[in-house]
Structures are given as C-alpha cells and as structure tokens.
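Asker: Everything below, folded, please.
(chains A and B)
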Amino acid sequence: MTTPEKRFRRLLALFPREHRAEYGEEMLGVLLADGRTGPGVTADLLRAAAGAQFRQAWAAYRDERWRHAAFVVQLFGSILLLSMAVRRFVAVIWAMIRWPEHDLTGFYGVDLVRTLGWTVAVAGVVLGIRLLGVAGAAAGLAGEIVAPFRFYLDTPAQVLNAYWIVVAAVVVLIAATVSVRRGVPRGWPLVVAAGAVLVGQGVAPLGLRGQLFGVAALLALIAVALVDPAGRRRVVVLAVPVLAVFPLVRLGFAGLVEYNAGHPESIALIDPLQWAVLVVVPVVAFVVAGEVDRRFRAPMAGTSNGA
Amino acid sequence: MREPTFLVLTALAGDPRHGYAVLEDIAAMTDGRVRLRAGTLYAALDRLRTEGLIEVDREEIVQSRLRRYYRLTGAGVRSLTAETARLRAQATIAERRLSARWTELGGATA
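Answerer: Alright, predicted model coming up:
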C-alpha cells in the first residue's frame, strides 16, 4: 500500500460507515487516479466527511419514528413538569397559610406562570393542538429559568440543582415543535400516577420526600419501558441530555458548591467556561446517544443516508 | 442549483461516466477553471442519487477497484433542462443590458 493510499484511507475512515461502504473504494480509486495529494485534498475530504456525518444525522432525526418518540417525550415530560410545578405551587400556598406574615408574592408569581405554562402544554398535547403545546412549554421553560435565577447571586447552587429541570423543559419544548401523534402511549396512566406522587411529595414530611421522588421516577421508568422498542430507544436518547446533567453537576461543580457552602461572605458564581460546559455537555450527550442508537439500526439501501 | 451540481449533471447528460471521468469532463468543460476534488464530487453524487436525479448505470472492476458508472434519470434530465433554461434567461438579460450599455456609450467600452 502506497503512502498516499494509507493517508486517503485514514481520511476516508472519517466518513459515516454507510458512506464508506457505498463509495469508499470508488473514492479511493478517484483520489489515486487524480494524483493531487496536497492540503486542499485533505481539507476537501475533511469537509465532505463532516457534511456526510451531518446529513446522515439530520436524515435520521427527520425520520417519522423520531417524531413519534418526540410525542411520547412531550406527553410524559409535560405531565411530569406540570406535576412538579403544581408541587411547588402547593408548597408555596402551604407556606403562605402557615406563615402569613412572610411576603411570598414573588414566589407566587413565578410559580403561577410555570404552573399555568405546563397546564397549557399538557392541554396542547392532549388536545393535539401544536401551538398550545409549544406556547405552554415555552412559558413553562421561562418559569423554570426565572425561578432558580432569583437566588443566583446568593446561592448559585440553586441554579445547578434546578438545571436538570431547565434542560428537561428545553427537551419538552423541542419535542413539542416536532412531535407527531401516533396514538396514546401505553404507559401514560403510570406517568399520571408518577405526577400524583410528585404533587404529594410537596406536602409530605421531609423524611419521606426522597423516597416519594424515587417512587415517581420508578413509575416513569416503567412507563417508558412500556413504549414499543423502537420508540423506547429514541425516548431514552431524547432523555439522555437530562440524565447527563446529574453527573455533570455532581462531579463538575462539587467544588463550587462546597466552596460557597464554606464561604458565604464571598460567593463564587458560575464562570463563562462553566456556563459553556453546562450548555455543551447535554448537547454532546444527545449527539453521542443518537449516534450509538443509529449504529444499532440498519442503513437505508441504495444511498449512504441511513435513517 | 449550485455550480458543482450543475456541472456534475451536465457531465452526465451525455454518456454514463464514472467518478474520475466526471472530474475530467468538468475540468475540460470549464477550461480547467473548475477542478472538483473527490470529496466534493462524491458529496454531490450521493445527494443527487438521494434526490433521484442520477442513478448507477453499471459497475466494473478495474485493477481490483470498483468503478461505477452514473447516468441521469428522467428527473435529472428535467432538472438540468429547467436549470439550463433559467441560466440562459439570466444570461440573455445580462447580454441585452450590456449590449444596450455599449450602444448608449457610442461603442466605447465602459
């Protein structure tokens, strides 16, 4: 094997597997016959490989089955986020009743917005009105962002602790924009039950709250397990960005949280690089999970665009 | 339609051609102005196959390597015809305006 051939083979390895299978040997023949070997050829192959990877990923996500999975995520996610909003709303009302001397109007306003937002989102997905689903999810997301940020300057950990909810709200909003309904997923009563448990968690004794959250999570997991296998894999891929936040915050921000707990006089805020990590990691987690899922599915025959 | 796509379709408008022959033909058609590279060529070929504008005519093994010949489909012929008409119309407008400008300037170059 000649040196240019080795180099071309290494570059061709960057193309998606299906593209290589379809065109790899043919491209190698053209590259060797063409005779050009300079940086222009390398740049061209790198650009083409990136384009092929992007087109393949995009084709996969435009698949109708992804849109069906997005409907499951929209339905389940909206119900669970509504339950959490109601739980906090109930907790605030409970606090207002118990401590009427405290000014809780600020809590009341933002909690009302996100509760109404997720109520509209659930109504949209149940009634099959996309505009309602999207508008409700957008309002819910706004509420989920504003709620922890009220305390950001005093306790940045509040933002970190609530960040998975913000990511979940983003995922539900995106799902609401692309979802296609193909019937009601079988596990929906379990999700409603999980939501009821979450609402109850808000007024339960402190010692029981962790266990109740675990019960709700278990019910939601069983509901996802009841989705048909092809849809289930995609639902899991769409949930991966949310799941990725837990280890990210625990491992990547433990130092920040610990420092602030010990130094209330000089609170350290989240720096720009850390913000970038918070945004990029869920996106990368989604792309990687999607790629892993795609590799388990057969490519579409005839062209390199596997779906 | 982008120029490489137009040129690839034009190269396949006659006889079926394999990848390297398409590159050579495009270089010849454009007097060497456009010399596509393999990455760009196969991105275009893959896209055009996906869109149903070209298809595989036949395959051969030459010196232990696959050589695949491509040809235009009916949709490819229609697409190239429409694009050619569009380019011709634009070229005609440009030509007419340049001609009028030349007349207004009394034959002097601008």
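Asker: Could you use CA atoms for every contact and neighbour count after this?
Answerer: Will do.
Asker: Helices along the stretch 201-307 of chain A, start to end?
Answerer: A:206-225, A:229-252, A:254-262, A:272-295 (DSSP state H, counting those that start in this stretch).
Asker: whoops, chain B was the one
Answerer: B:3-11, B:19-29, B:38-50, B:74-104 (DSSP state H).
Asker: so who does residue A:148 touch?
Answerer: For residue A:148, the contact set (Cα atoms under 8 Å, 6 or more residues apart in numbering or on different chains) comprises A:158, A:159, A:162.
Asker: before we move on, the earlier item: would you single out the least confident of the helices of the stretch 201-307 of chain A?
Answerer: Mean pLDDT is lowest for helix A:254-262 out of these, coming in at a mean of 84.
Asker: gap between the spatially most central residue of chain A and residue A:144?
Answerer: For chain A, the residue nearest the mean C-alpha position is residue A:241 (3.7 Å; Cα atoms, centre = their mean). As judged by Cα to Cα, to the nearest Å, residue A:241 and residue A:144 stand 17 Å apart.
Asker: how about the residues of chain B that lie near chain A?
Answerer: With Cα under 8 Å from any Cα of the partner chain as the criterion, chain B comes near chain A at residues B:19-20, B:37-40, B:42-43, B:46, B:49-50, B:65-68.
Asker: related to what we said a few turns ago, out of the contacts of residue A:148, name the ones that lie in helices.
Answerer: Under the assignment DSSP H, the contacts of residue A:148 contribute A:158, A:159, A:162 to helices.
Asker: Is it correct that residue A:220 is in contact with residue A:190?
Answerer: Yes. With contact defined as Cα atoms under 8 Å, residue A:220 counts as touching residue A:190 (6.5 Å).
Asker: neighbour count winner among those two?
Answerer: Shown here are residue A:220 and residue A:190; by other Cα atoms under 10 Å in any protein chain shown, residue A:220 has more neighbours (24 against 20).
Asker: Spatially nearest residue to the more buried one, not counting backbone neighbours?
Answerer: Spatial nearest neighbour of residue A:220, excluding adjacent residues (Cα to Cα, 6 or more residues apart in numbering or on different chains): residue A:191 at 5.3 Å.
Asker: and what of residue A:230?
Answerer: Once flanking residues are discounted, residue A:230 sits nearest to residue A:65: 7.8 Å by Cα to Cα, 6+ apart.
Asker: Can you report the mean pLDDT over the residues of the strand or helix carrying residue A:135?
Answerer: Using DSSP states H and E, residue A:135 sits in helix A:130-149. The average pLDDT for helix A:130-149 rounds to 93.
Asker: Pull out the buried positions in that helix.
Answerer: A:130, A:132-149 (16 or more other Cα atoms under 10 Å in any protein chain shown).
Asker: Going by distance to chain B, which of the ones in helices among the contacts of residue A:148 wins?
Answerer: Nearest to chain B among the ones in helices among the contacts of residue A:148 is residue A:162, at 43.3 Å by Cα to the nearest Cα.
Asker: Show the contacting residues for that closest one.
Answerer: residue A:148.
Asker: how much space is there between it and residue A:246?
Answerer: Residue A:162 sits 10 Å away from residue A:246, taking Cα to Cα as the criterion.
Asker: Same question for residue B:10.
Answerer: On the measure of Cα to Cα, residue B:10 and residue A:246 end up 55 Å apart.
Asker: now do residue A:150
Answerer: For residue A:150 relative to residue A:246 (Cα to Cα), the value is 22 Å.
Asker: How many neighbouring residues does whatever residue of chain B ends up closest to chain A have?
Answerer: Closest residue of chain B to chain A, Cα to the nearest Cα: residue B:39 (4.8 Å). By the criterion of other Cα under 10 Å, residue B:39 has 24 neighbours.
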